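>>> sharing a model that was predicted from the sequence below.
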Amino acid sequence: MEKKLKFYNQIPSSTVRLISEDGENLGIVSKEKAFDLAREKRLDLIIITSKIDPPIVKLGDYGKYLYRQQKKASKQKKGQKLGKVKNIRISLRIAQHDLLNKINQAIKFLNKGFRVRFEIFLKGREKRLQNEAKEKLNLVISEIGKEVAIEQDGEIKKNPRGFEIIIRKK
C-alpha cells in the first residue's frame, strides 16, 4: 500500500492519461479516479512518462514492471560489443611479416564486432620520424581496408609517446 501512495504522490498533475494493464488506453481521468481504480484492482500506478501534460500512467504490478525493465536492459547490454576496443601496438621498426600478422589479427577483431586501436610508439631518436610513423599507420589502414570495409573514428591522433587511430567495421 505504501508503494501505491508513493507513486500517487509523485504524479505531478491533477489529471493523467491512464492505460490499463492490458495496454488499452482508458483516456484522460483525474488522478484520484486512477488511484481508486488501481486500489480496486489491487494494482500499482506506474508513471510511464511525466514529461508531457497530462502524464502517462499505467495500471500494473510494479515488481513485474521493474523485472521486465531489468531484463530489457540486460538484453541490450549483452548485445553491445561495439563499446569494446582491442589495442594493437606496433613500432616504427616492425618487420613486414610481423606487421602482416598484426593486420590479420585486427581483421579478426573487426569481423567479431570490436573496434581496433592501433598505437605506434616512438622512442628516443624515432620521435624525429613522425611522418614515417603516420605513413606506417596509413599503410596499415589501407591494408585492412582491402579486406574489410572500415570506418575511422577521427583522424590519426598524436599522443605524448606516438600516434594512435581507432577503426571499426562499417
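In hand now; what should we look at?
>>> the helix or strand where Gln76 lies packs against which elements?
Element membership for Gln76 (DSSP states H and E) is helix 62-79. Judged by 3 or more Cβ pairs under 8 Å, 6 or more residues apart in numbering; DSSP states H and E, the packing partners of helix 62-79 are strand 44-49. Placement of C-beta: from N, CA and C, glycine included.
>>> what residues sit buried inside the strand it packs on?
For strand 44-49, a neighbour-count test (16 or more other Cβ atoms under 10 Å) marks Asp44, Leu45, Ile46 as buried.
>>> give me the contact list for stretch 56-63.
For stretch 56-63, the external contacting residues (Cβ atoms under 8 Å, 6 or more residues apart in numbering) are 3, 7, 11, 16-21, 34, 37-38, 41, 43-49, 65.
>>> starting at the chain centroid, how far to it?
Chain-centre distance of stretch 56-63: 27 Å, with Cα atoms, centre = their mean, to the nearest Å.
>>> same check on stretch 138-148?
Offset of stretch 138-148 from its chain centre (Cα atoms, centre = their mean): 27 Å.
>>> just the buried positions in it, please.
For stretch 138-148, using 16+ other Cβ under 10 Å, the buried residues are Val140, Ile141, Glu143, Ile144.
>>> list buried residues within the contacts of stretch 56-63.
Burial by neighbour count, judged by 16+ other Cβ under 10 Å, picks out 7, 11, 16-19, 34, 37-38, 43-46 from those.
>>> all strands for the chain, in order.
15-19, 25-30, 44-49, 56-60, 85-91, 115-121, 150-152, 157-159, 162-169 (DSSP state E).
>>> a markdown table for the buried residues of stretch 138-148, including distance to Gln76 and pLDDT?
Listed next are those as a markdown table, based on distance: Cβ to Cβ, whole Å; pLDDT from 0 to 100:
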| residue | distance to Gln76 | pLDDT |
| --- | --- | --- |
| Val140 | 33 | 90 |
| Ile141 | 31 | 89 |
| Glu143 | 34 | 89 |
| Ile144 | 29 | 90 |
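>>> among those residues, which pair sits farthest apart?
Ile141 and Glu143 (7.4 Å; Cβ to Cβ).
>>> sorry, back to before: turn the buried residues of strand 44-49 into TSV, columns for distance to Arg125 and pLDDT.
Below are the buried residues of strand 44-49 laid out as TSV (distance: Cβ to Cβ, whole Å; pLDDT from 0 to 100):
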residue	distance to Arg125	pLDDT
Asp44	70	85
Leu45	71	84
Ile46	66	84
